[in-house]
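**Student:** Have a look; sequence and predicted model below, questions after that.
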Amino acid sequence: MPQFAQRIGRARPSAIMQIAEKAKRLKAEGRDIVNFSIGVPNFLPGEHVYQAARESLASDSGQYGSNRGSDALLDAFLAHIEKIGLTGYRRANLGIGIGAKQVLYNLAEALLDEGDTIAFAVPYWTSYLDIAQIVNARVELLPCPPEQDYKLTPAQLEAALAKKPRVFLFNNPSNPTGMVYGKDEIAALADVLVRYPDTWVITDDIYNAMVFDGLGYHNFVHSRPELRERVIFVDSLSKTYGMPGWRVGLMAGPQSVAKAVATLNSNHITSIPEAVQAAAVAALTGPQDVPEAKCREFQAKRDQVMQAMDAIPGLVCPRPQGAFYVFPDISVAFGKTHAPSGLKIDDDLSFCSALLEAKGVACVPGSAFGEPRGMRISYTCPTPQLAPGLQRIQEFFAELS
Ligand SMILES: Cc1ncc(COP(=O)(O)O)c(C=O)c1O
């Protein structure tokens, strides 16, 4: 029997998808399931996006496209990032991918040799660890517990960078915590970053359009423009525009990095489809009413979720200010039993499994994100399902003894 490459032994199927699959199966069996597990925006883009795709198909060239992205898409992205203060970039600074996930994968391939270190905060988005393991990088995890609002401190960053990791990967707003770094927090971290010129900085900021409470989106290059030489900003149409299935991810950074991404693309994906690029241009340049309305809706839903969490005795839940996740510390439930079902809660996995079995509410155990005290609630479900789902979580806690 021929052998697999060692790397496939290090690759794991996404833990989030496994929960979502279980929820789907229970639903198919006729159970009433509220799904707070999968991180999808749950809305569709405006009609102009579909129109652009249809028009593109009508005049389709049928050919391979550019490894870097069409000029129209690159120009649309340049104009888009200018609106969030990322100015002075040119087409040569940009790269594309089949979603931000593939952009991140390309960056890992481009920047990390086997054994090089990549540092990132915990809780982390699951794919960071998975991608790092596939490329056989050494991972330096920087624990950011609920006591520090799941945010990295400048002192932690300093200690991590002193060990000279090849890459520091940063995520703002955060999946899974929804936390957002304010202007001063970004400036304080940027002041540390400038002192360590041997480390690349990837800012995976795909939720940058979903920031609440007037906090605004801030990037390291806003505070310290000299960091542009090393900062790679990663963006995606998936969440902002309700287009996760269209698979459009983008990056802006040093020309050398953009070139490396295009070279890798030329060896695997080649390009992204013409009609998809046309739809992406329409999303980026067309009316922004859908994403803006969704951001307001998510802020209101965040308030609703927080109200429910705050009403649960003993539950600690830092208040998120972006994305569409809430990440309570559920450790108050550990060691207890859910009385009506007799299900015992030992940890986050048994908690989420019991919650799904007993109440039909699917959430993702925090250990999927490296924080086993937590649980991720993704609150983009249809609005009528939100209150009943939250009520079931409250009841579940009330029934623990
Ligand atoms: C933090 C973060 N980065 C990247 C991605 C990947 O996004 P895309 O759909 O563009 O591949 C996700 C998707 O959930 C995410 O949460």
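**Tutor:** Thanks, I have the structure now.
**Student:** ok, the spatially closest residue to G374 that is not a sequence neighbour - contacts?
**Tutor:** Leaving aside its chain neighbours, G374 sits nearest to G366 (3.0 Å; criterion: C-beta to C-beta, 6 or more residues apart in numbering). In this view, the C-beta of every residue, glycine as well, is placed from N, C-alpha and C. For G366, the contacting residues are 123, 176, 327, 330, 348, 372-376, by C-beta atoms under 8 Å, 6 or more residues apart in numbering.
**Student:** Could you check which residue of the stretch 251-400 of the chain lies nearest the ligand?
**Tutor:** With C-beta to the nearest ligand atom, the shortest gap between the stretch 251-400 of the chain and the ligand falls at A323, namely 7.6 Å.
**Student:** my guess is that residue meets N175, correct?
**Tutor:** Yes - between A323 and N175 there is a contact at 5.8 Å, judged by C-beta atoms under 8 Å.
**Student:** Comparing the two, which residue is more hemmed in?
**Tutor:** A323 (30 against 26; other C-beta atoms under 10 Å).
**Student:** Can you give me the distance of that one to V122?
**Tutor:** 17 Å (C-beta to C-beta, to the nearest Å).
**Student:** now P145
**Tutor:** Taking C-beta to C-beta, one finds P145 at 8 Å from V122.
**Student:** remind me which residues of this protein are low pLDDT?
**Tutor:** 13-15 (pLDDT under 70).
**Student:** for the ligand, what are the nearby residues on it?
**Tutor:** Listed as neighbours of the ligand in the chain under the rule C-beta under 6 Å from any ligand atom: 39, 99-101, 125, 171, 175, 204, 206, 236, 238, 244, 249.
**Student:** Centre-most residue in this protein?
**Tutor:** Centroid-nearest residue in the chain, with C-alpha atoms, centre = their mean: N175, separated by 4.4 Å.
**Student:** if we can go back for a sec, common neighbours of P145 and V122, please.
**Tutor:** With C-beta under 8 Å, 6+ apart, P145 and V122 have common neighbours E371.
**Student:** Backbone dihedrals for K183, please?
**Tutor:** phi -60, psi -50 (degrees, to the nearest 10).
**Student:** ok, for it, nearest residue in space, not its chain neighbours?
**Tutor:** Using C-beta to C-beta, 6+ apart and skipping residues adjacent in sequence, the residue nearest K183 is H218, 4.8 Å away.
**Student:** Counting neighbours, what do you get for that neighbour?
**Tutor:** 24.
**Student:** Equivalent analysis for Q307, please.
**Tutor:** Neighbours of Q307 using other C-beta under 10 Å come to 10.
**Student:** Equivalent analysis for R25, please.
**Tutor:** R25 has 11 nearby residues by other C-beta under 10 Å.
**Student:** Which secondary structure elements does the helix or strand encompassing it sit against?
**Tutor:** Taking DSSP states H and E as the criterion, R25 maps to helix 15-28. With contacts defined as 3 or more C-beta pairs under 8 Å, 6 or more residues apart in numbering; DSSP states H and E, helix 15-28 has these neighbours: strand 34-35, helix 348-359, strand 361-362, strand 364-365.
**Student:** ok, the residue nearest to N42 when sequence neighbours are not counted to A358 distance?
**Tutor:** Of all residues not flanking N42 in the chain, T380 sits nearest, at 4.1 Å (C-beta to C-beta, 6+ apart). According to C-beta to C-beta, T380 stands 23 Å off from A358.
**Student:** Compare neighbour counts for the two and give me the winner.
**Tutor:** T380 (23 against 17).
**Student:** and L193, what does it touch?
**Tutor:** With C-beta under 8 Å, 6+ apart, L193 has these contacts: 157, 161, 168, 199, 201, 220, 224, 227, 230.
**Student:** now swap in G335 and tell me
**Tutor:** By C-beta under 8 Å, 6+ apart, the neighbours of G335 are 345-346.
**Student:** That one should be in a strand, yeah?
**Tutor:** No - according to DSSP: H, G, I helix; E, B strand; the rest coil, G335 belongs to no strand; its state is coil.
**Student:** for it, phi and psi?
**Tutor:** The phi/psi pair for G335 (degrees, to the nearest 10) is phi 90, psi 0.
**Student:** ok, now R228?
**Tutor:** Here R228 shows phi and psi, under degrees, to the nearest 10, equal to phi -50, psi -30.
**Student:** wait, isn't it in contact with P254?
**Tutor:** Yes - applying C-beta under 8 Å as the test, R228 and P254 come out as touching, 7.3 Å apart.
**Student:** Appreciated, that's everything.
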